[in-house]
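Engineer: Task: produce atomic coordinates for the following.
(2 chains)
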2 protein chains.
Amino acid sequence: MLVKFEIHPRLLEDCHRLGRFALSHLLLHRNAGLPWLILVPEVAQGVTELYQLQASDRRELDAEIDTLARYLQDSLGAQKINVAAIGNLVPQLHVHVVGRHPGDPCWPGVVWGNLPPGPSWTPEQLAEYAGALAKLRPLK
Amino acid sequence: MLVKFEIHPRLLEDCHRLGRFALSHLLLHRNAGLPWLILVPEVAQGVTELYQLQASDRRELDAEIDTLARYLQDSLGAQKINVAAIGNLVPQLHVHVVGRHPGDPCWPGVVWGNLPPGPSWTPEQLAEYAGALAKLRPLK
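Structural biologist: Model prediction:
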């Protein structure tokens, strides 16, 4: 039986959806305090850990992570990239790719559970993210 | 000029060193409240982000992460694996691989900045970790 893939409602509540790379849906956390991107690979529901991915999917996910990391550093000037698959609250496999710099709202702590309420992204900013990333990697 | 590789002193202060896989030194956080492993790839000092690794090193690092994740789930019964490259405090590239379960001292929060003081590993436990992992992947 085919099961339609759906992004976990908690992720959709917390994030804007910017599009989909070859493997993963690309989300941006609604809190504009810092650039917090999330990749949600469209894989079977039972796959909840990185090591359970097929080798080709793992390589594609790495490449998608790297595209985001380079964009955050090269275009947005992030000083450090935080990359993490956690999933204690949302079991669906997803990978955080967060651009960090001294003086951001959580520095030097982690963002998870620590990000104070912040501004929202404007529609123009959301379009800029999606447009810039689509130039680096096909984004539907 | 060749520069001798050294593990960052903060990591050595926080962790036991269990050995070295083909690419990475393997550390275990001294706090035995939960199984918190750390991989420190022996790469050039300027490499501080995952995307800067050579492709072959990236694949080896993925394989080492996966060995730890499988061990934490299959042998230690972890319900969830947290995998993260953060580096806000220690710039040297290192990857956390943490076995988590409901009821552990930080659940469902993350471990970074959240782990209360806990017991220490016994010498027997340390030997058991190193011995079990050496059976899964060559560990010098």
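Engineer: Which secondary structure state does the nearest residue to A:P108 once chain neighbours are set aside sit in?
Structural biologist: Distance criterion CB to CB, 6 or more residues apart in numbering or on different chains; nearest residue to A:P108, sequence neighbours excluded, is B:N88 at 4.1 Å. Glycine gets a C-beta too; all of them are placed from N, C-alpha and C. Classification of B:N88 by DSSP: H, G, I helix; E, B strand; the rest coil places it in coil.
Engineer: Distance check, the closest residue to A:G87 other than its chain neighbours against A:W107.
Structural biologist: Of all residues not flanking A:G87 in the chain, B:K80 sits nearest, at 5.8 Å (CB to CB, 6+ apart). Remark: distance between B:K80 and A:W107 (CB to CB, to the nearest Å) = 26 Å.
Engineer: okay, these two: which has more neighbours?
Structural biologist: Taking neighbours as other CB atoms under 10 Å in any protein chain shown, B:K80 and A:W107 compare with B:K80 leading, 22 against 16.
Engineer: Output the longest helix belonging to chain A.
Structural biologist: For chain A, the longest helix by residue count, based on DSSP state H, is helix A:55-74.
Engineer: Now do the buried residues in it.
Structural biologist: By neighbour count on 16 or more other CB atoms under 10 Å in any protein chain shown, the buried set for helix A:55-74 is A:57-62, A:64-73.
Engineer: same check, this time on stretch A:8-22
Structural biologist: Across stretch A:8-22, burial judged by 16+ other CB under 10 Å covers A:H8, A:L11, A:D14, A:C15, A:H16, A:R17, A:L18, A:G19, A:F21.
Engineer: Check stretch A:103-112 too.
Structural biologist: A:D104, A:C106, A:W107, A:G109, A:V110, A:V111, A:W112.
Engineer: Assign the residue sitting nearest the centre point of chain A to helix, strand or coil.
Structural biologist: In chain A, the centroid-proximal residue (CA atoms, centre = their mean) is A:I38; its distance is 1.3 Å. State at A:I38, reduced to three classes by three-state DSSP: strand.
Engineer: I'd assumed A:R30 was in contact with it.
Structural biologist: No: using CB atoms under 8 Å, A:I38 is not in contact with A:R30; the gap is 11.2 Å.
Engineer: which residues are common contacts for the two?
Structural biologist: Taking CB atoms under 8 Å, 6 or more residues apart in numbering or on different chains as the contact rule, A:I38 and A:R30 both touch A:C15.
Engineer: I'd like the distance between the nearest residue to A:S120 once chain neighbours are set aside and A:V47.
Structural biologist: In this structure, A:S120 finds its nearest non-sequential neighbour in A:A32, 5.8 Å apart by CB to CB, 6+ apart. Applying CB to CB, the value for A:A32 to A:V47 is 31 Å.
Engineer: same thing with A:G77?
Structural biologist: Distance, A:G77 to A:V47, by CB to CB: 34 Å.
Engineer: residue ranges with poor pLDDT in chain A?
Structural biologist: Scanning chain A for pLDDT under 70 picks out A:1-2.
Engineer: That one: strands as residue ranges?
Structural biologist: A:15-20, A:24-29, A:36-41, A:80-85, A:95-100 (DSSP state E).
Engineer: Could you export these to TSV, including columns for distance to B:G118?
Structural biologist: Shown next, in TSV, are the strands of chain A (distance: least, CB to CB, whole Å):
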stretch	distance to B:G118
strand A:15-20	34
strand A:24-29	31
strand A:36-41	30
strand A:80-85	22
strand A:95-100	26
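Engineer: for those, which one sits closest to B:V98?
Structural biologist: Nearest to B:V98 among these is strand A:80-85 (10.4 Å), distances taken as CB to CB.
Engineer: For chain A, which residues are neighbours of chain B?
Structural biologist: Chain A has residues A:48-51, A:58-59, A:62, A:65-66, A:69-70, A:73, A:80-89, A:91, A:100, A:107-110, A:112-114 near chain B, with proximity defined as CB under 8 Å from any CB of the partner chain.
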